[in-house]
Each structure stands twice: as structure tokens, then as C-alpha cells.
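Engineer: requesting a structural model of the entry that follows:
(chains A and B)
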Amino acid sequence: MKINKNHWANPGFLLILILIVFFLKGVFLAALFPIFDGQDESRHYNTIQYLSEPREKNWIIIKKDKTQRDKDLLNTYNFSEEIQKTAQITQNYITRTSEHYDKIRFSENYSGENESEITAQKWDPYNKTYPPDKVGRSGIYHYISMAIEKSLSRENILVRFFSIRIFSIFLGTIAISLTYFIAKTIGFTSKQSLLLTAIISFQPKLSIYFTNINYDALLILMFTAFTLGGVLALKNGFNWKNLSLMIISLLIGIFTKGTTMFLFPVFFGLMFSFYYNDLKNDKKYIIAIIIILIISLWFLEIKYDITKLFSIQSGSFLETLSTLKDYTLNIIINMSSPAESYWGDTGWIRNDYSSVFTHIFWLVGIISIFGLIYFLHSKKKYNTLPEKKYIFFLFGVWFALQFGIRFYDWKQLASGSIETIGTPGRYFFPVITSYMLLIFTGLGALLKKERYLDNTLKIGLILMFIFFMHVLFNNIIPYIYL
Amino acid sequence: MKYLQYLTIKKLLLIVTAILLFLVFFRLANDLSFPDTDWLIGKDDKIELKDNKKLLQKFTADRDGLSKIEVLLGSAKIKGSIKMELLDENCEKSLRKSELRTSKLDSDKTYAFKFSQVNDSKNKTFCFLISSEAEKTGSKYPSVFITNSPAPSGGMLIEPDFMQSQEKSLSIRPSYENTLVWQDASELNRRISQYKPFFLKHYYLWAIAISFIILSIVLIVILIL
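Structural biologist: Here you go, the predicted model:
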């Protein structure tokens, strides 16, 4: 049988292969991480169980103060009975603690100690202690997951829980596929777009994050979908398709997590830039945009109380400025901190080479900034790089999230709160596509030749792939199982 | 040297990828030893290793293939080495030895005392000896943590000329390897399968893991070429 060489170079085939690998990788990771081990997973899953409960709560409910909670013991939280007992049996307190030397007690066979108690489904998936520990606002992600939970209600918690993890992986797979189309739309070649997509798909922390039961899986997808809508609009002009894509992703996003509100200024900025000329000539566009703006602000006020969200209750203006100065200095000093948690430097094991990769990526990022500045100032036309309008848009999306998260973090500090929300790397995953495309555009501007950029992308892919495999096989597996 | 003309960038990248991937799996193969999780590691107390103090922990190996002992040390800045030895049941004859050279000890993770496998270790009694030939450069002496739990299967903590106790034990954990790598892989599969749904256990897990590894390598090769 003759193999057509061109078959292998078929972008469609390769994209499907990237997506299959991403999905399998996600499922494998989901199997590695113990139940409830993901970021805020227990709380998100309890939210899903709470939504799945019958409307009539015809069981005894006990009031229990949240101050009685022990951070390391899930059975002290106001979770459903099923979650509490399962956490106890699966020894969740061992992986939950910040100490890295303890291990789960393993049995000699394929079922854990007392696993039969879990699969026997003896406990109620209901919240019996109030107020229940759940996320502040349930969103679309929770309602879809609730449908999965209910459809599998006859199965034990292990089947239900891990099925919802696979749903998150499915959302991630869609997000990765959109990444390819964004890269292709803005002007990268098919091969470059595939390499960029593959690089992002192997990002270790992103890969891990998409295996969690967490509404961020849907949020990242919506940010990516919005970005695709934006670049399509820039390429083809506003039409009902790309406008619908952006509006739908904004709506689903805002009904998923409030972080989406930071995309609204980008959306209006894009609309304004499109209709700027028309605005000067025809007042109806001004009126239309003002109406949409007012409706959006009203909607955000109802949903997220944005005037309170963005107001700063503090002392004098000078005191507020002082906290801003301190906060900005703190960001600069601790620049590397979110970077480590962004890439996947877990700190779980000795002789971990993750920091080597993290420093390389950090250095590449710094270099690419110079490349981007050069690119934007240059009058030279690059055939192999995106046009500047795309770069401005991607930067706008990236900056909107960075500014929004850091502003809100600072606002907590300025309002006299002891704790800020923090800026862990995972908060910036929604704009990872924009970030990576900006990085490689910057590098491409410095490298000048397409061949050099192609080879740089390949080197980037190898680095990311090996980094991921190192995290998976030399970090995660030894930490949890060996 | 004439072969260098055939060494294109693509081939060079493939070679580098292959080497790095090999290193990842080589390290995994080295890490594949299974700690006896009946041993409790804790920070109930600690004993300083100063003035040539030696500490001994007698224990009975649970299975064949003893190849590593993990030990929890206290934080300290030091100059020198921490010596670890595996002795026979009389705590006299040295069977295996190793030393840890570092300038900084931390108590967040255990340190591994690795040695060549003791194939027929099951139900045999050994002594683990730890001592310090290091000077402190900070405020603390190097130390070993103690847990207020007896060692599984009996055992004894010995602080020579000072105390012996069966109620306490050093915060250590013996670790075992199988004879063949595929046996280690099977045992790893068993561990990962625990507390997972049926579609992430045993053969399903093998299928997922192997498919992922093979397809990801195929993908990388195609994209590089």
C-alpha cells in the first residue's frame, strides 16, 4: 500500500491528531490526580451536587459554622455527606496538606482500601449541613455538569466525578482547536499555526487545569472563542457570524464567571475602531453604540454589582495612591511568582528541573517584548507575521485581563482587606492564546526569516513537550504514587 | 565527519528530542520504587545529629527488593555530609552505604537513601543507621524527625548509650522495587487505578497511557519533520 506523503502534511489530519493527543493527555492526567485534588474542585463539585438536589429538602439540616472548618479535612466542610465520606476514605487530607512527605496508603490490588464502601453508594449526595460550601455564583458550567451528574445518578461518585472531569477536558479540547483557527486567521501559515497550537496544548499547568472540575475550563474556552470572533471581525469586517460569536462568548462567559467583564471594554473598543469613520459621518452609529453600552453596563450592574466591585472604600486619596505605589512595586519584585505557577513548577519533588524550563520561557518572553516593540515601530512589511491590527487586538485582550485581575487584587488591598485575591498564574490562562501568539510574533520580528521562525517554533514545541513529560513522569507520578 | 553533512536541523531536533525523552523515562525508571505506606512519617519530635551521634532504626522488610529508604530531616544549613547505612539485623555488618552532600537541608520533603536492591529482603530485619559528618553553618544542627508511632511489624529506635524505644520510630519509609521493569509498571498501574472509576482502571488505564505516549511522540516527530 502506498502512503501518500502529503497525507501526513494535511493540516486537518494534524489538527485532529493534536486534539486527540490533548484529550488523551487530559484523561490520563485526570486519572493521575486523586479525587477532589484539583483547584477548588471539592467546592465546585459540591455546587453541582447542590444544584442536583431535589427542590424539597426533606431531610434534617444542621446549621454548622464555617469557622469550625479544618482546612486540610474536607469532612469538616459543609459538603454533602457523600463528598465528606469519600474524602475521608480516599485519604484526601494527605494530598491536601502543604507537607510533601506523606503518601496515600495503597492496597495491593486495583481497588483502594475501603473503595467498596464508596462504590456501594451508602451516602446521600445531599448537603445536610448549612450553609453549604459552594461557589459564590453558580454558572452555566455548573448547570451543564449538573446534567451530567443527574444523568449518571445511578452510578457511584467515582464515575460521576471523573465523568465531569472529562467534560472539562472536552471543553479544553475545543479551546485548543480554536487556537489553531486564531493563529491561521491572523496570518501564520498552516504549519506555524499547528506548531503554535501544539505548543499551547502541551503547556503543563494548562493541561492540568483543564482536568479539574472548575468553571475556568468554560471561561478559558469563551475567552478563546471571543478572541477568534475578534480576529475574524478584523479580517472580514463585522458580520453576523463573528459578531454572534463574540456576543455569545461574552454572554456564556458572563454567566460563567465575572472575569468575562474585562472583555467588554475590548469589545466596545473593537466596535468603536470599526465604526469610527462611520461615527463621524452618521449619528445613528453613535446612538447604537451608546445604547448597547448602557444595556451592557446595566446588565453587569445587575449581575455583578460593578459599581461596588470597582469602588475603593479606603481613607484619603493620598493613602489610596500609597497603596497603589506599594502594590506596583510588589508586582515588579515578585514578577517570577505567578510565572512559576503559570508554567507548572510544582515544587513537589527534589531535583526538579521545572525551574530550568520556567526560566527559559521567562527569558524568551522578555526577548519577545523587544521584538514586539520593534515590530510595531517598524514600517517594514512582514509577509510571514500577522498584521499590526491583530497584534493590537491580541494585546488588548491580554492587557484587559492582566489589568482587570491586578486592579481587583489591588482594590482589596486599598479597601483595607488583610488578604488580597492574589494573582496565581491560573488566573491568566484565559488569555494564553493571545499571550503565546504575541510571544512568537515578537520572536518572528527579530528572526526575520520564515525558516528561522519555523525552526524556533519547533524548538519551542520540543521544550514544551519535554517540560510536560518531565512534569508528568518525573514530578506528578513520583509525588503521588512513588 | 562526513556524516555531518547528513545532519539536517530536522534530524538534529529529532535526536535532541529523543535524548531528552529518554532521560525523562530513564529517570522514571530510576524513581520506580514503591514505598511501604504503612510507615507513618511525621514531625512529632526530632533528634539532633551532633557530637558524632548515630541513630539506628531496626525494622523488618515487608517484601523483597528493598532499594531505598526515605528519611525526613530537619531544616539546617550545613557543611559536610550526612551518612546513611543499611546494616544487618545485629546492626553490625554494613550491607549498603551512601552519603548526602548538601549545604542546606529542608524538612518539606524526604531525602532518599538509594542503594542496589536487596533481592531477598522479605521478613528480614535490618538496621538503618544515620549519622552526620557535617558542621552547622546556621543556627541549627542537622537533625532527624521522630514519630510517636512504632515501626510497622515491630522495630526499634536506638540512640546508642542513651535510649531504645519500640514506641517511637525514625521518620523513615522503606521502599521496594520489583525484579523487572514491567512488574514495576504493573504495580504503578495498580496504584493509579485505586479510587478511580472502572474506565480509568487497569486495562483502560494501560490503553490511555500507551496511546497518549505513542501518539504524542508520533505528533512531535511529524511536526518536526
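Engineer: residue B:199 - that's part of a helix, no?
Structural biologist: Yes. Counting by DSSP: H, G, I helix; E, B strand; the rest coil, residue B:199 is located in a helix.
Engineer: residues in contact with it?
Structural biologist: By CB atoms under 8 Å, 6 or more residues apart in numbering or on different chains, the contact set of residue B:199 is A:159, A:162. Every C-beta, even on glycine, is put in place using the N, C-alpha and C of the backbone.
Engineer: show the pLDDT at it.
Structural biologist: Per-residue pLDDT puts residue B:199 at 97.
Engineer: got it, and the one 5 residues further on?
Structural biologist: Residue B:204 is assigned a pLDDT of 97 by the prediction.
Engineer: in a helix, it, correct?
Structural biologist: Yes. Assessed with three-state DSSP, residue B:204 lies in a helix.
Engineer: contacting residues for it?
Structural biologist: Residue B:204 neighbours (CB under 8 Å, 6+ apart): residue B:198.
Engineer: before we move on, what about residue A:292?
Structural biologist: Residues in contact with residue A:292 (CB under 8 Å, 6+ apart) are A:268, A:271.
Engineer: ok, now how distant is it from residue A:396?
Structural biologist: 18 Å (CB to CB, to the nearest Å).
Engineer: same question for residue B:61.
Structural biologist: Taking CB to CB, one finds residue B:61 at 63 Å from residue A:396.
Engineer: before we move on, what about residue A:380?
Structural biologist: 23 Å.
Engineer: the more surrounded of these two?
Structural biologist: residue A:396 (18 against 10; other CB atoms under 10 Å in any protein chain shown).
Engineer: is stretch A:173-188 anywhere near chain B?
Structural biologist: No. Stretch A:173-188 does not reach chain B (CB under 8 Å from any CB of the partner chain); its nearest approach is 12.5 Å.
Engineer: which parts of that stretch are buried?
Structural biologist: Within stretch A:173-188, the residues scored as buried using 16 or more other CB atoms under 10 Å in any protein chain shown are A:173, A:175-188.
Engineer: most widely separated two among those residues?
Structural biologist: Spatially, the most separated pair among the buried residues of stretch A:173-188 is A:173 and A:187, at 24.5 Å (CB to CB).
Engineer: quick one: contacts for residue A:232?
Structural biologist: Contacts of residue A:232 (CB under 8 Å, 6+ apart): A:185, A:241-242, A:245.
Engineer: just these now: which is nearest chain B?
Structural biologist: The nearest member of the contacts of residue A:232 to chain B, counting by CB to the nearest CB, is residue A:185 at 20.1 Å.
Engineer: any idea which element that closest one lies in?
Structural biologist: Per DSSP states H and E, residue A:185 falls inside helix A:157-186.
Engineer: count the residues that sit near residue B:72.
Structural biologist: 25.
Engineer: same question, residue A:206
Structural biologist: Counted with other CB under 10 Å, residues neighbouring residue A:206 total 23.
Engineer: tell me the secondary structure at it.
Structural biologist: For residue A:206, the assignment made with three-state DSSP gives helix.
Engineer: that one reaches residue A:216, doesn't it?
Structural biologist: No. Between residue A:206 and residue A:216 there is no contact under CB atoms under 8 Å: 10.3 Å.
Engineer: now the closest residue to chain A within chain B: phi and psi?
Structural biologist: The minimum distance from chain B to chain A, using CB to the nearest CB, falls at residue B:194 (3.5 Å). With angles defined as degrees, to the nearest 10, residue B:194 sits at phi -70, psi 140.
Engineer: contacts only, for it.
Structural biologist: A:106-107, A:110-112, A:115.
Engineer: filter those residues down to the ones close to chain B.
Structural biologist: A:106-107, A:110-112, A:115.
Engineer: filter these to the buried ones?
Structural biologist: Looks like the ones next to chain B among the contacts of residue B:194 have A:106, A:110-112, A:115 buried, using 16+ other CB under 10 Å.
Engineer: contact residues of the stretch 101-250 of chain A facing chain B?
Structural biologist: Counting by CB under 8 Å from any CB, the positions of the stretch 101-250 of chain A adjacent to chain B are A:101-112, A:115, A:118, A:155-156, A:158-159, A:161-163, A:194-195, A:198.
Engineer: can you convert the buried ones among the ones next to chain B among the contacts of residue B:194 into CSV and add a column each for secondary structure and pLDDT?
Structural biologist: Formatted as CSV, those follow (DSSP: H, G, I helix; E, B strand; the rest coil; pLDDT from 0 to 100):
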residue, secondary structure, pLDDT
A:106, coil, 92
A:110, coil, 96
A:111, coil, 95
A:112, coil, 94
A:115, helix, 95
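Engineer: now these as TSV including distance to residue A:275?
Structural biologist: Shown next, in TSV, are these (distance: CB to CB, whole Å):
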residue	distance to residue A:275
A:106	63
A:110	62
A:111	63
A:112	61
A:115	61
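Engineer: show the contacting residues for whichever residue of the stretch 301-450 of chain A sits closest to chain B.
Structural biologist: Going by CB to the nearest CB, chain B is nearest to residue A:350 of the stretch 301-450 of chain A, at 5.9 Å. Residues in contact with residue A:350 (CB under 8 Å, 6+ apart) are B:109, B:111-112.
Engineer: just those: which are in strands?
Structural biologist: Counting by DSSP state E, the part of these found in strands is B:111-112.
Engineer: so which of the contacts of residue A:350 are also by chain A?
Structural biologist: Among those, the ones lying near chain A by CB under 8 Å from any CB are B:109, B:111-112.
Engineer: secondary structure element for the closest residue to residue A:169 other than its chain neighbours, which one?
Structural biologist: Spatial nearest neighbour of residue A:169, excluding adjacent residues (CB to CB, 6 or more residues apart in numbering or on different chains): residue A:26 at 3.4 Å. Using DSSP H and E, residue A:26 sits within helix A:11-32.
Engineer: having no further points to raise, I will conclude here.
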